[in-house]
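Peer 1: Coordinates for the following, if possible.
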Amino acid sequence: MALGEPDARASVTFLGTDRIEVLRFQDSRSVSPDGGPGWGGGSAGGPDAVVRYVTLGMSAHPMADPSALLADPVRGPRAELILTVRAGLAETDQVLRPLATLAASPQVEGVIVASGGSLDLGAPLWPGAPFHSVLVGESGGLVADLELDAPLEPVRFLPLLPMTPNEAAWKRVRGAQDLQERWLANGTDLRDPLRRSVALD
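Peer 2: Numbers count the residues shown, from 1 in each chain. Predicted coordinates for the structure are as follows:
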C-alpha cells in the first residue's frame, strides 16, 4: 500500500453488515520510544509526526443511490476512508469504532459517501474530541485511486477532515467550498486533534 505497512489493525462488525477493518499507519518519526505501536492509547512521536487511520472493507460493495428500487451489485462508486491527525496529542486511537461506523454507513443507511459531503456521528470522534462530524475531501491526493477490472469503478481513498459543531453548521448553510476557503485563509491545521473552530464571522 502507498502508506507502507500498518503497525496495528482492528475490526468491527455491525449487525447485518460485512466486517470493517481499521488500519493504523505511522510515519518514521511517530514510533514510540520503546518501539511499540501503542494501539491502546495516543501515539507518541515528534512534533511533526502523524498517524493515519484507514478503513478496509467499505469498498467491498458499491455504494447505491438510496432512491433506487434495486441496488446494482456491481456498478457504483467504491471508497475507503482516511483520517490523518498529529500523533501523541489526544486519544485518537479511540477513533476505531466511530471510523468503522462511518465506513459502514453506505450499507447501514444507504448513503453515498463522496467528496464535499459530510458525515455526522452525533458524538465525539474520540474521547474529548471537539469534532462530531467530518467533511469528506477530494480523493487522489495521499493515496491514488485503485483501478479495478471493468465494469467495476475504481476505489477512491477519501480523506476525512474533522469539523467542530460550528463548522458543520456553517458548512450546511454555506457549503463545503466556503468552509475550506476559511480554513485556508486562516492557516488552519486540520491535523491538529485539539484545534478550535475557525473564525466564522
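
Peer 1: Which secondary structure elements does the lowest-mean-pLDDT helix or strand in the chain sit against?
Peer 2: Taking mean pLDDT, DSSP states H and E as the measure, the helices and strands of the chain show their lowest mean at strand 8-12, namely a mean of 87. If contacts are counted by 3 or more CB pairs under 8 Å, 6 or more residues apart in numbering; DSSP states H and E, strand 8-12 sits against strand 20-26, helix 96-109. Backbone N, C-alpha and C define where each C-beta goes, glycine included.

Peer 1: separation between residue 68 and residue 60?
Peer 2: According to CB to CB, to the nearest Å, residue 68 stands 19 Å off from residue 60.

Peer 1: for this structure, which spans come out with low pLDDT?
Peer 2: Under the criterion pLDDT under 70, the flagged ranges of the chain are 1, 28-47, 66-67, 69.

Peer 1: what about the strand or helix carrying residue 167, distance to the chain center?
Peer 2: Counting by DSSP states H and E, the element that carries residue 167 is helix 165-174. The chain centre lies 18 Å from the centre of helix 165-174; the measure is CA atoms, centre = their mean, to the nearest Å.

Peer 1: hang on, the earlier thing: looking at residue 68 and residue 60, which is more packed in?
Peer 2: residue 60 (14 against 10; other CB atoms under 10 Å).

Peer 1: So that one is in contact with residue 20, correct?
Peer 2: No - between residue 60 and residue 20 there is no contact under CB atoms under 8 Å: 9.2 Å.

Peer 1: correct me, but residue 72 touches residue 65?
Peer 2: No - Residue 72 is beyond contact range of residue 65, at 9.1 Å (criterion: CB under 8 Å).

Peer 1: Do a quick rundown of the strands in the protein.
Peer 2: Shown for the chain, the strands assigned by DSSP state E span residues 8-12, 20-26, 50-56, 78-86, 118-120, 133-136, 155-163.

Peer 1: Make JSON lines from those and add distance to residue 95 and mean neighbour count to it.
Peer 2: JSON lines is the format used below for the strands of the chain (distance: least, CB to CB, whole Å; neighbours: other CB atoms under 10 Å):
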{"stretch": "strand 8-12", "distance to residue 95": "11", "mean neighbour count": "16"}
{"stretch": "strand 20-26", "distance to residue 95": "8", "mean neighbour count": "22"}
{"stretch": "strand 50-56", "distance to residue 95": "6", "mean neighbour count": "22"}
{"stretch": "strand 78-86", "distance to residue 95": "6", "mean neighbour count": "23"}
{"stretch": "strand 118-120", "distance to residue 95": "13", "mean neighbour count": "17"}
{"stretch": "strand 133-136", "distance to residue 95": "10", "mean neighbour count": "22"}
{"stretch": "strand 155-163", "distance to residue 95": "10", "mean neighbour count": "23"}
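
Peer 1: which one of those lies closest to residue 192?
Peer 2: strand 78-86 (5.9 Å; CB to CB).

Peer 1: Walk me through which strands that closest one pairs with, and which way each runs.
Peer 2: Here strand 78-86 is paired, per DSSP bridges, with strand 50-56 (antiparallel), strand 155-163 (parallel).

Peer 1: To residue 85, which of these lies closest?
Peer 2: Here strand 50-56 is closest among the strands paired with strand 78-86 (CB to CB), at 6.1 Å.
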